[in-house]
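*Asks:* let's see this in three dimensions:
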Amino acid sequence: MDIGVDTQALLENAPTQPQKPSKTATIKTMRKAFKGSAHLANLLPTGTVLIFQMLAPAFTHQGECHTVTSKFMTMALLSCCSISCFLLSFTDSFRDERGKVRYGVASLNGLWVMDGESIKLPVEEAYKYRLRFIDFFHAFSSILVFVAVALFDKNIVGCFFPNPSEEVKDILASLPMGIGFVCSLLFVAFPTQRHGIGFPLSRE
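*Replies:* Prediction:
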């Protein structure tokens, strides 16, 4: 018995796989922005970023901010994290004779060691850690980078911009990327030599 198979009919009756929805320009931009936030976070103190990422969903109630208190607490969180990024830019670290990492705060005369008077650097060595103009540049740049990271966070955006217009959406998508791009270039062009609290340690 000759059993013929209509291949064309089988192909027409075969279930078709659902097509993936096309990605709009806004979605593509936002995805790039969220990927960029991970890179920007590397320019900030690790502890500050972790605290922000943990507390932002709770303070904003997953971006809803139903009450004035929620917005006030969120603004306080953003302010504290910004101040933390600024102040930690003036910290530095070194290894003592036993190889243990010691932290200190840069001053005009050198490095003030936080571990107390038991650990002291020679005057000439401490002078290498003195406060410089580039430290203030990195401190203010860190605040801008943190602002960009905060604008990437959907909870922060949802709290302060619950119903954004199309123009506001474009600004929220492009502004943090622009800030991140410029600050990344500046950090590469004018790198910091400090290894402060929350930043990668020096191997020396």
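
*Asks:* need the residues that contact stretch 66-85.
*Replies:* 44-45, 47-48, 51-52, 55-56, 59-61, 64-65, 139, 142-143, 145-147, 150, 156, 159-160 (C-beta atoms under 8 Å, 6 or more residues apart in numbering). Any C-beta I mention is one placed from the backbone N, CA and C, and that applies to glycine too.

*Asks:* which residues of this structure fall in helices?
*Replies:* Using DSSP state H, the helices assigned to the chain run over residues 7-13, 25-41, 46-60, 68-88, 123-127, 133-152, 154-160, 166-189.

*Asks:* let me know the average pLDDT across the second one.
*Replies:* Taken as a whole, helix 25-41 has a mean pLDDT of 50.

*Asks:* do stretch 156-176 as well
*Replies:* Stretch 156-176 comes out at a mean pLDDT of 89.

*Asks:* break the protein into its domains for me.
*Replies:* 33-90+133-185, 91-130 (the TED database).

*Asks:* reformat these as TSV; add distance to P191 and mean neighbour count.
*Replies:* Shown next, in TSV, are those (distance: least, C-beta to C-beta, whole Å; neighbours: other C-beta atoms under 10 Å):
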stretch	distance to P191	mean neighbour count
domain 33-90+133-185	9	17
domain 91-130	14	14
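
*Asks:* lowest average pLDDT across those domains?
*Replies:* For the domains of the chain, where the average pLDDT is lowest is domain 91-130, sitting at a mean of 81.

*Asks:* hmm, back to that, go through the helices of the chain and name the closest to L111.
*Replies:* Among these, the nearest to L111 by C-beta to C-beta is helix 123-127 (5.0 Å).

*Asks:* how much space between the residue lying closest to T46 once chain neighbours are set aside and A139?
*Replies:* In space, and not counting its chain neighbours, T46 is closest to G198: 4.7 Å by C-beta to C-beta, 6 or more residues apart in numbering. Per C-beta to C-beta, to the nearest Å, G198 is found 13 Å from A139.

*Asks:* got it, and I171?
*Replies:* In terms of C-beta to C-beta, I171 sits 26 Å off from A139.

*Asks:* quick one on the thing from earlier: the residue nearest to T46 touches T48, doesn't it?
*Replies:* Yes: counting by C-beta atoms under 8 Å, T48 is a contact partner of G198 at 6.3 Å.

*Asks:* now do the nearest residue in space to L151 that is not next to it in sequence against S79, distance only.
*Replies:* The shortest distance from L151 to any residue other than its chain neighbours is 4.1 Å, reached at P176 (C-beta to C-beta, 6+ apart). Computed as C-beta to C-beta, the P176 to S79 distance reads 18 Å.

*Asks:* give me phi/psi at Q62?
*Replies:* phi 60, psi 40 (degrees, to the nearest 10).

*Asks:* wait, isn't it in contact with I156?
*Replies:* No: counting by C-beta under 8 Å, Q62 sits too far from I156 to count as a contact (11.4 Å).

*Asks:* please enumerate the shared neighbours of G198 and T48.
*Replies:* Common neighbours of G198 and T48 (C-beta under 8 Å, 6+ apart) are L88.

*Asks:* ok so, going back, tabulate the helices of the chain (JSON lines), appending distance to G110.
*Replies:* Below are the helices of the chain laid out as JSON lines (distance: least, C-beta to C-beta, whole Å):
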{"stretch": "helix 7-13", "distance to G110": "79"}
{"stretch": "helix 25-41", "distance to G110": "31"}
{"stretch": "helix 46-60", "distance to G110": "25"}
{"stretch": "helix 68-88", "distance to G110": "18"}
{"stretch": "helix 123-127", "distance to G110": "3"}
{"stretch": "helix 133-152", "distance to G110": "13"}
{"stretch": "helix 154-160", "distance to G110": "39"}
{"stretch": "helix 166-189", "distance to G110": "25"}
